[in-house]
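**Q** Below are the sequence and a predicted model; questions follow.
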Amino acid sequence: MDYSTISLTIDEGLAVLTLNRPEVMNALNTQMRAEITHAVREAGQSARALVITGAGRSFCSGQDLGDRATAANLDLERTLRDEYTPMLQAIFDCPIPTISAVNGPAAGAGANLALAADVVIASESAYFLQAFTRIGLIPDAGGTYWLPRQVGFAKAMGAALFAEKVTATQASDWGMIWEAVPDEAFAAHWMGRAMHLAKGPGVAYRNVKTALRQGFSNSLEEQLALEARLQGECGQTRDFKEGVLAFLQKRPAEYEGR
């Protein structure tokens with residue numbers, strides 16, 4: 001697939017998906033949502049880790065309300081069901097570790113696109129904004145799912161009702177994101193984090209995602225059984241054997257990664 005609203009590069013096992021409509025702060029239109037969905041699936045089959053970031057000064061400003069072709073026929077229920085759901089599900093289901101590298105403002109659906117990744121790293125000048133009530137809407141694009149799980153009910157409700165900016169530092173303090181990084185170190189930092197994952201034990205990473213997610217709904221008995229099954233799977237991999245050997249030999253491990 002040829003991409004016109006994003007770019008996708010894959011090098012040394014790392015896929016970098018860049019939202020590339022900087023003239024509109026990387027606002028999401030129909031074409032971009034379809035391209036993100038396709039690119040995430042492509043990365044999941046071809047890479048060992050995936051980063052989603054934005055071109056220019058913004059990560060993503062959310063739904064492109066200025067796109068006349070979109071706005072003229074905007075059926076919100078259909079758009080969410082047919083365009084946002086496949087995109088967000090592709091990120092959630094991606095078999096490799098995913099990072100959102102939030103380089104600037106992430107607002108509305110753009111904030112919740114960022115939160116869909118496994119790990120969120122933001123520059124200190126970035127912010128997150130659940131802007132929906134400003135135009136008479138509720139948080140969508142997974143916002144009502146991610147926020148209460150990440151920050152708790154009280155802060156999720158406040159963020160949704162007041163529609164106030166949450167700075168990257170606040171988001172880190174709240175547990176909404178993994179970390180906020182000084183702007184001058186941001187690009188090198190997220191790249192280092194991403195390469196660490198791209199060179200890591202892929203089966204273990206995939207099973208970590210499965211175990212932590214199912215832990216929200218499992219009983220203790222169910223979770224312990226799941227841990228045993230997934231750990232048994234990890235224990236049969238070359239990566240486990242390599243990890244133990246590297247530990248004993250006091251050297252970095254060289255994982256197969258998938």
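**A** Received the coordinates, thanks. Numbers count the residues shown, from 1 in each chain.

**Q** Going by C-alpha atoms from here, please, whenever you check contacts or count neighbours.
**A** Noted.

**Q** Contacts for the helix or strand where residue 144 lies, please.
**A** Per DSSP states H and E: residue 144 is located in helix 143-151. Under the criterion Cα atoms under 8 Å, 6 or more residues apart in numbering, residues 109, 112, 115-116, 153-157, 174-177 lie in contact with helix 143-151.

**Q** ok, then the element right after it?
**A** helix 153-162.

**Q** Show the secondary-structure elements that that next one is packed against.
**A** Contact partners of helix 153-162 among helices and strands, from 3 or more Cα pairs under 8 Å, 6 or more residues apart in numbering; DSSP states H and E: helix 143-151.

**Q** Give the buried residues for the helix it packs on.
**A** The neighbour-count check on helix 143-151 (16 or more other Cα atoms under 10 Å) flags 143-144, 146-147, 150-151 as buried.

**Q** Repeat that for stretch 85-93.
**A** Using 16+ other Cα under 10 Å as the test for burial, stretch 85-93 gives 85-88, 90-92.

**Q** same check, this time on stretch 6-25
**A** Neighbour-count burial for stretch 6-25 [16+ other Cα under 10 Å]: 6-8, 10, 13-22, 24-25.

**Q** Show the average pLDDT along that stretch.
**A** For stretch 6-25, mean pLDDT is 97.

**Q** Redo the contacts of helix 143-151 as CSV? Include distance to residue 54.
**A** Supplementary listing: the contacts of helix 143-151 in CSV, determined by distance: Cα to Cα, whole Å:
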residue, distance to residue 54
109, 14
112, 14
115, 14
116, 15
153, 29
154, 30
155, 26
156, 25
157, 27
174, 23
175, 22
176, 19
177, 17
